[in-house]
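Student: Below: sequence and its predicted model.
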Amino acid sequence: MQESSHKICTLADAISRRAAWKQENQQVVFTNGCFDILHLGHVDYLEKARQTGTKMIVGVNADSSVRQLKGPTRPVNNEYARARILAALGFVDMVIVFEEETPLNLINELLPDVLVKGDDYSIETIVGAKEVIANGGKVTTIPLVPSYSTTNIIQKLKN
């Protein structure tokens, strides 16, 4: 069995793979997040996101980006560990770590056919939605599993 770390790409590699998938008429899905402590909510969400296309790219916030978004005590797991765990999921085709607070640059470079976020977002508030729609793609939300979040897990451990 091949190690899944080959799914973790630089931006240049991601652009190249995306172009190849486009030539093959693959329906490319993009989603992103911190994915700090992988849990049922993440797996359910990612599995459903993948069902909206034939290939899925997951953008993962770098450690510095997670600290900006979640505070100085996060992430619990470093960016390589988070990327490697996501890459091991069979329904994830590519993982790319990004330093910025949002994945807008990645979305602009990769122009996915489908952009997916959880239903805690509205289409109007999803970063990159305008760009994907302008390129002929679609933007959709996936219902989240109630009560599952990394923040809740950390709070439970503290209690």
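Tutor: Looks like it arrived, so ask away. Numbers count the residues shown, from 1 in each chain.

Student: Tell me which helix or strand the residue nearest to A129 when sequence neighbours are not counted sits in.
Tutor: For A129, ignoring the flanking residues on the chain, the nearest one in space by CB to CB, 6 or more residues apart in numbering is V139 at 4.4 Å. All C-beta atoms are positioned from the backbone trio N, CA, C, and that covers glycine. In this structure, V139 sits in strand 138-142 according to DSSP states H and E.

Student: And for N159, the neighbour number?
Tutor: For N159, the count of nearby residues is 5 (other CB atoms under 10 Å).

Student: If you average the pLDDT over the strand holding V139, what comes out?
Tutor: The predicted model gives strand 138-142 an average pLDDT of 97.

Student: go on, stretch 75-92?
Tutor: 97.

Student: Report the buried residues of it.
Tutor: The neighbour-count check on stretch 75-92 (16 or more other CB atoms under 10 Å) flags 75-77, 79, 82-87, 89, 92 as buried.

Student: Can you pull out the residues in contact with that stretch?
Tutor: With contact meaning CB atoms under 8 Å, 6 or more residues apart in numbering, stretch 75-92 is reached by 4-8, 34-38, 43, 46-47, 50, 56, 58, 60-63, 66-67, 95, 97, 150, 154.
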